[in-house]
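**Q** Sequence isn't available, so here's the structure alone:
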């Protein structure tokens, strides 16, 4: 078979960009059970930090730094939460892929994850233009064949791509869907900014969170995915019930056709799509209920534990994790709250199952730390580790400013 010179050169360049530097702070390097991924979001050069997960759920034996070949950017706000979003880094475990946004260069990067050593990432192809300004959240479909990105700057909206195992991301033709929000690049916020993007678990819809500017509430925008893989030309707007204002994160509620959205104005909302459960359904606006979390100040991020069956909400202002339960009738109850290190400014989080136990991993931006909680049993979460990664990241070749740190995703080996 004849292979073109251009193909060989292109492949060589792609492979040359895969090098990641590593540091093993506790001695010899062992094969990890998984990894936690965080973005430096540095304007001089964005990198993904890969922090090893051990078989007991703890982190930090190895830290690597992989360049996205893009740049980070900080929104026009003081302090942490630089991208005003959840999901700036996303992982599809089935396809062993990681996607990361580059808000400062308006691109998205795609990596493959080494199945034997998940701290080893390989950049696939080159970063691809996001189709807008200030990409801030990214999501995979269930198979890892499609990626959608939420742009939150002056040119804002959604764009989607297909993945390739060697060459990375390719844009879908005629698939940019603008939201036309009145924003700047970088954006102001949190009020008036965008929040996050997800695929529904059945891959029939893409949903984006749009924060309001009180007293005008925000909404979630929903597009159906056609059999041609393209988004519907128009979105359906679903607004929160009275009191809701700033939909931020989006987390599907298992066993239902509903979505939990955090809202720093009060706590969280539940959007119920009822019978809109496939591509053939006529999409209508979701109904909504709101729940106030007493004393909350900035609940913005959310994740779900399949072992405990509960959700964990992150309050960046108070550094508190709130555990809630939502039953099959979508009735919610507060289970327990967990105080983490005061002043850490906890942001993105994710639950991972390691050796049949669930662990909650939380990014502390100002403290440059990962907080690890065991959350297998409902109402009995336990803090088991605080790992400060600044020194290890620096030795791995990454420099960053703490308030730029954003994103957290996990991968665990089968």
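**A** Looks like it arrived, so ask away. What you see is a predicted model, and the numbers here were worked out from it, not measured in a lab.

**Q** Tell me how far residue 191 lies from residue 68.
**A** 29 Å (Cβ to Cβ, to the nearest Å). No exception for glycine: its C-beta is placed from N, CA and C like everyone else's.

**Q** More neighbours: these two, which one.
**A** Per other Cβ atoms under 10 Å, whichever of residue 191 and residue 68 has more neighbours is residue 68, with 30 against 16.

**Q** can you pull the pLDDT of that one?
**A** We have a pLDDT of 99 for residue 68.

**Q** Could you count how many residues lie near the closest residue in space to it that isn't next to it in sequence?
**A** Sequence neighbours aside, residue 109 is the residue nearest to residue 68 in space, at 4.0 Å (criterion: Cβ to Cβ, 6 or more residues apart in numbering). When neighbours are counted by other Cβ under 10 Å, residue 109 registers 30.

**Q** hang on, residue 109 in a helix?
**A** No: residue state for residue 109 (DSSP: H, G, I helix; E, B strand; the rest coil) corresponds to strand; a helix is not indicated.

**Q** when you give positions from now on, start the count at 103
**A** Fine by me, first position is 103 from now on; the one you just mentioned is residue 211.

**Q** That one pairs with what?
**A** Note on residue 211: beta-bridge partners by DSSP bridges are residue 202.

**Q** thinking it is in contact with residue 168, fair?
**A** No: checked against Cβ atoms under 8 Å, the pair residue 211 and residue 168 is beyond contact range at 9.1 Å.

**Q** Mutual contacts of the two, please.
**A** residue 225 (Cβ atoms under 8 Å, 6 or more residues apart in numbering).

**Q** What are the neighbouring residues in contact with residue 342?
**A** Residue 342 touches 319-321, 349, 363, 365, 371, 373, 390, 392, counting by Cβ under 8 Å, 6+ apart.

**Q** What separation do you get for it and residue 370?
**A** For residue 342, the distance to residue 370 - Cβ to Cβ - is 10 Å.

**Q** For those two, list the residues in contact with both.
**A** 363, 392.

**Q** list the helices and strands the strand or helix carrying residue 308 packs on?
**A** Residue 308 is part of strand 307-312 when elements are defined by DSSP states H and E. Here strand 307-312 touches strand 258-266, strand 296-301, strand 321-326, strand 352-355, going by 3 or more Cβ pairs under 8 Å, 6 or more residues apart in numbering; DSSP states H and E.

**Q** Kindly provide the whole-number mean pLDDT of that strand.
**A** Rounded mean pLDDT across strand 307-312 is 98.

**Q** Mind listing the strands it pairs with, and their directions?
**A** Short version: by DSSP bridges, strand 307-312 pairs with strand 296-301 (antiparallel), strand 321-326 (antiparallel).
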